[in-house]
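*Asks:* need a structure here:
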Amino acid sequence: MDLTRTSTVALAERRIAWLEERQRVLAQNIANADTPGFRPRDIGGFQRSLAGAFGMTQTMPRHLPGTGGAIRARVDRTATDLAPNGNAVSLDREAMRVADTDTAHALATGLYRRWVGLFRTALGRPQ
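*Replies:* Sure thing, here's the model as predicted:
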């Protein structure tokens, strides 16, 4: 039995992938905190990512590609405070987002482990 085919495990995997991508984008923001003119980026909400997963996909080579649930970073419109060099990265705001994302990642991986453990128990396998 392939556990990754169940909807709960697949949803947890998508959530973890979304959280990992968000951490990558937030890390880039922090790395560019002193870059003149840099605007911080963030990715759309997880719900938007799920909605895109069921959108159009490219079925023939001559068709335009659909979104396919791709996670894309966009300029963060909430970053309005500019430094004199035009940089809009707030390390406090980015640190809060990193902490929130880390907490959500820990929750998602914990739920994933428990769900897989439940399947192992049901199959009579040791954890």
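*Asks:* do a quick rundown of the strands in this protein.
*Replies:* Along the chain, counting by DSSP state E, strands occupy 41-43, 73-75.
*Asks:* tell me the helices and strands packed up against the last one.
*Replies:* Contacts of strand 73-75 with other secondary structure elements, assessed using 3 or more Cβ pairs under 8 Å, 6 or more residues apart in numbering; DSSP states H and E, are made with strand 41-43. Just so you know, the C-beta spots here come from the backbone N, C-alpha and C atoms, and that holds for glycine as well.
*Asks:* state the mean pLDDT of the strand it packs on.
*Replies:* In this model, strand 41-43 carries a mean pLDDT of 90.
*Asks:* please list the outside residues in contact with that strand.
*Replies:* Contact with strand 41-43 is made by 18, 21-22, 25-26, 28-29, 49, 71-76, 97, as judged by Cβ atoms under 8 Å, 6 or more residues apart in numbering.
*Asks:* that one: which residues count as buried?
*Replies:* 41-43 (16 or more other Cβ atoms under 10 Å).
*Asks:* kindly report the same for stretch 34-44.
*Replies:* Across stretch 34-44, burial judged by 16+ other Cβ under 10 Å covers 38-43.
*Asks:* what's the answer for stretch 8-27, then?
*Replies:* Going by neighbour count (16+ other Cβ under 10 Å), the buried part of stretch 8-27 is 9, 11-12, 14-16, 18-19, 21-23, 25-26.
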